[in-house]
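**Student:** Sharing a model that was predicted from the sequence below.
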Amino acid sequence: MKTIKGPGIFLAQFLDDKAPFNTLESICKWSAGLGFKGVQIPTWDSRVIDLQKAAESKTYADEIKGIVESAGMQITELSTHLQGQLVAVHPAYNELFDGFAPKAVHGNAKARTEWAVQQLKYAAKASANLGLNALATFSGALLWHTVYPWPQRPAGLVETGFKELAARWLPILNEMDAHGVDLCYEIHPGEDLHDGISYEQFLAATGNHSRACLLYDPSHFVLQCLDYLAYIDIYHEKIKMFHVKDAEFNPTGRSGVYGGYQGWIDRPGRFRSLGDGQVDFKAVFSKLTQYGFAGWAVMEWECCMKHPEDGAREGAPFIKEHIIRVTEKAFDDFANTGTDENLNKRVLGL
């Protein structure tokens, strides 16, 4: 067993053009002041990192690392969620997802995909330059519009979809392997990798690539009515990253999992600040500790009610209180009688 590192904070939801949220230095000092020990950096936000430069210049990567460390913090991981989304986009979503990419590739799906793939490859090298061994991302989606099988899916459609998805990701996964980085897919509605079964289908399509790993976030499983504790039992060997995010699911006679196209505040399933939802974090931290999870517990704040600064202020102590400092001895060692092979044989009646 290992003591989980933390608390960490994912910076994406807090970055802003106003101080102290507008520079890496100031937001790290703010985070440290709340009790956070690590920051997860969104690589699409130029206010905190130039991804290509971090990949191509070890000096620049060291400067980024130095800024974070000067605030008494560590970089937990880099995030490529938005770029990963663009590795695979069904044409129905082209215009909606163009906003995740530079204007130069808007309206050009092929160029946008090439840009996204290159971004992931930069992230592999940047992670290595920063001394990191895990990277967060989304899988993108070619099949999501068929998630509910009506009309009936044509025979072989799912297999073809995962074959194509794997073909797009394999060069990236190989690049990750070359730099010693685990690529951690956040299992998430809207992605082709949205539950355990879909992850298994993708993993098989990649030839069980060793770098195709998981970012565990129980909140998305609450909204899908999936057993988020059993998930850890099944996939713990592949879980290399952990987002601490809360959620609740309160179905009614009028709306359930799909939400009726309502906004977040009115949906039966909605994300909440830590401690305000239904996730059993004592059980989550216990299971991850039991299985030797060696990474960071990183708060991802998403709540349709509470102010983000309040969520962050409450989040650091919440995570700290849930981290289990692992024991170095058994609780019943006081009754240890030592090792005696002859005694063991007598106890067995041998």
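**Tutor:** Sure thing, it's come through.

**Student:** Go ahead and list the helix or strand containing the residue nearest the centre of the chain.
**Tutor:** The residue lying closest to the centre of the chain (C-alpha atoms, centre = their mean) is residue 215, at 3.6 Å. Per DSSP states H and E: residue 215 is located in strand 212-216.

**Student:** Which residue is the nearest non-sequential neighbour of residue 54?
**Tutor:** residue 126 (3.8 Å; C-beta to C-beta, 6 or more residues apart in numbering). In short, each C-beta sits where N, CA and C put it, glycine included.

**Student:** from memory that neighbour sits against residue 57, does it?
**Tutor:** No: contact criterion C-beta atoms under 8 Å: residue 126 and residue 57 do not qualify, at 9.5 Å.

**Student:** For the two, indicate the residue with more neighbours.
**Tutor:** residue 126 (31 against 15; other C-beta atoms under 10 Å).

**Student:** now whichever strand or helix holds the more buried one, how far from the centre of its chain.
**Tutor:** Using DSSP H and E, residue 126 maps to helix 109-129. Relative to its chain's centre, helix 109-129 lies at 18 Å (C-alpha atoms, centre = their mean, to the nearest Å).

**Student:** Quick one: name whatever helix or strand follows it.
**Tutor:** Criterion used, DSSP H and E; the element after helix 109-129 is strand 134-137.

**Student:** in that following strand, what's buried?
**Tutor:** By 16 or more other C-beta atoms under 10 Å, the buried positions in strand 134-137 come out as 134-137.

**Student:** Now it - C-alpha only, CSV.
**Tutor:** Provided in CSV are the C-alpha atoms of strand 134-137 (Å, rounded to 0.1, in the frame of the first residue of the first chain):
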residue,chain,number,x,y,z
ALA,A,134,1.0,10.3,-16.4
LEU,A,135,-1.1,12.5,-18.7
ALA,A,136,-4.9,13.1,-18.7
THR,A,137,-7.0,13.1,-21.8
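
**Student:** Going forward, the N-terminal residue is numbered 45.
**Tutor:** Yep, numbering from 45; the last one is strand 178-181 now.

**Student:** Mind listing the strands that strand pairs with, and their directions?
**Tutor:** With DSSP bridges as the criterion, the sheet partners recorded for strand 178-181 are strand 118-124 (parallel), strand 226-230 (parallel).

**Student:** So which residues make contact with the host helix or strand of residue 389?
**Tutor:** According to DSSP H and E, residue 389 maps onto helix 385-391. Outside of helix 385-391, the residues that reach it under the criterion C-beta atoms under 8 Å, 6 or more residues apart in numbering are residue 381.

**Student:** what do you get for stretch 237-256?
**Tutor:** 182-183, 188, 191, 202, 206-207, 209-210, 213-214, 217, 220-221, 225-227, 229, 231-232, 236, 258, 264-265, 268, 270, 275, 278-279, 282.

**Student:** out of those residues, which are inside strands?
**Tutor:** Residues of the contacts of stretch 237-256 located in strands (DSSP state E): 226-227, 229, 258.

**Student:** Neighbour count and distance to residue 363 for those residues - can I get that in JSON lines?
**Tutor:** Shown next, in JSON lines, are these (neighbours: other C-beta atoms under 10 Å; distance: C-beta to C-beta, whole Å):
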{"residue": "226", "neighbour count": "23", "distance to residue 363": "22"}
{"residue": "227", "neighbour count": "29", "distance to residue 363": "24"}
{"residue": "229", "neighbour count": "27", "distance to residue 363": "22"}
{"residue": "258", "neighbour count": "24", "distance to residue 363": "19"}
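
**Student:** residues touching the closest residue to residue 151 other than its chain neighbours, list them.
**Tutor:** Spatial nearest neighbour of residue 151, chain neighbours left out: residue 142 (6.9 Å); criterion: C-beta to C-beta, 6+ apart. By C-beta under 8 Å, 6+ apart, the contact set of residue 142 is 149-151, 156.

**Student:** swap in residue 114?
**Tutor:** Neighbours of residue 114 in contact, by C-beta under 8 Å, 6+ apart: 69, 72.

**Student:** Can you give me the neighbour number for residue 193?
**Tutor:** Residue 193 has 9 neighbours, counted by other C-beta under 10 Å.

**Student:** what about it, which helix or strand?
**Tutor:** Going by DSSP H and E, residue 193 is not in any helix or strand.

**Student:** Could you do the one 4 residues further on as well?
**Tutor:** Residue 197 is part of no helix or strand, with elements assigned from DSSP H and E.

**Student:** Can you get me a residue count around it?
**Tutor:** Residue 197 has 14 nearby residues by other C-beta under 10 Å.

**Student:** cool, and residue 367?
**Tutor:** Neighbourhood size, residue 367 [other C-beta under 10 Å]: 16.
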